[in-house]
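Asker: generate coordinates for the sequence data below:
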Amino acid sequence: MRTANLDMLAARVTIGGATGSIEIIETAYDALDEILSDSDGTRTDTFLQLATADDLTASEAEVLLKKSFGELGIAWPSHDEAVNRLIVYWLSLIVEKRIKPYDGMAAVINDVLETAGELRDCIKYVGDWVHMEELLGAFDAYSDVYESYQSDDPLSTSPEEAIKDLDELIVEMAQDWLDRFAGNDKMRRKAAP
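Answerer: Next comes the predicted model:
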């Protein structure tokens with residue numbers, strides 16, 4: 001019943017990354033036809049109210065969105081589920097070559113890990129719960145490429161070739177991450193001892 005946009009919106013709201021009431025209302029409005037034409041006849045006046053609202057604060061829109069999910073029988077994502085869902089989204093775009101690897105990884109770092117408050121732990125601990133250490137290291141290599149070509153080393157390859165190789169590596173690593181960790185049953189925060 002739910003659209004991918006509603007899933008992504010719920011994940012972004014959960015980690016604190018939604019941009020405001022307009023985005024929430026517009027996403028709800030875009031999903032309205034699917035929700036109303038659902039074959040099981042589920043209907044929610046709260047969702048209809050949200051999708052047709054014209055002046056709500058961001059917090060009011062979030063409350064209505066969460067209430068709508070409950071009325072529709074859709075589980076609201078936990079923090080960890082939201083982080084996983086968003087990482088899967090961006091890495092899938094990288095693998096499908098719908099976004100440049102650099103831009104996709106920047107989105108994972110800035111829009112997911114930093115917004116969710118997870119980036120500090122990803123950098124601090126090898127073996128972080130989101131298993132991003134290798135991808136973050138590869139992303140960091142982009143800056144190394146630019147720094148190394150500031151020199152006049154005649155043996156080095158061109159920056160364009162190095163970036164192309166790094167792009168290919170990140171696509172491979174993103175696919176490997178998706179194969180190993182996509183889905184909340186494979187990626188869980190370890191309980192404190």
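
Asker: so residue 171: helix, strand or coil?
Answerer: Under the three-state scheme (DSSP: H, G, I helix; E, B strand; the rest coil), residue 171 adopts helix.

Asker: report pLDDT for it.
Answerer: Note on residue 171: pLDDT of 97.

Asker: surely residue 11 touches residue 90?
Answerer: No: using C-beta atoms under 8 Å, residue 11 makes no contact with residue 90, being 11.2 Å away. The way it works is simple: take the backbone N, C-alpha and C, and place the C-beta from them, glycine included.

Asker: what pLDDT does residue 5 get?
Answerer: As predicted, residue 5 sits at a pLDDT of 79.

Asker: one step back: higher neighbour count, residue 11 and residue 90?
Answerer: residue 11 (25 against 20; other C-beta atoms under 10 Å).

Asker: dump the C-alpha coordinates for the helix or strand encompassing that one into CSV.
Answerer: Using DSSP states H and E, residue 11 sits within helix 4-15. Taking C-alpha atoms only, helix 4-15 is exported to CSV below (Å, rounded to 0.1, in the frame of the first residue of the first chain):
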residue,chain,number,x,y,z
ALA,A,4,8.6,4.5,-1.6
ASN,A,5,8.3,8.3,-1.0
LEU,A,6,6.3,7.8,2.1
ASP,A,7,8.8,5.2,3.4
MET,A,8,11.7,7.6,2.7
LEU,A,9,9.8,10.5,4.3
ALA,A,10,9.1,8.4,7.4
ALA,A,11,12.7,7.5,7.6
ARG,A,12,13.9,11.1,7.2
VAL,A,13,11.4,12.3,9.8
THR,A,14,12.6,9.6,12.2
ILE,A,15,16.2,10.7,12.0
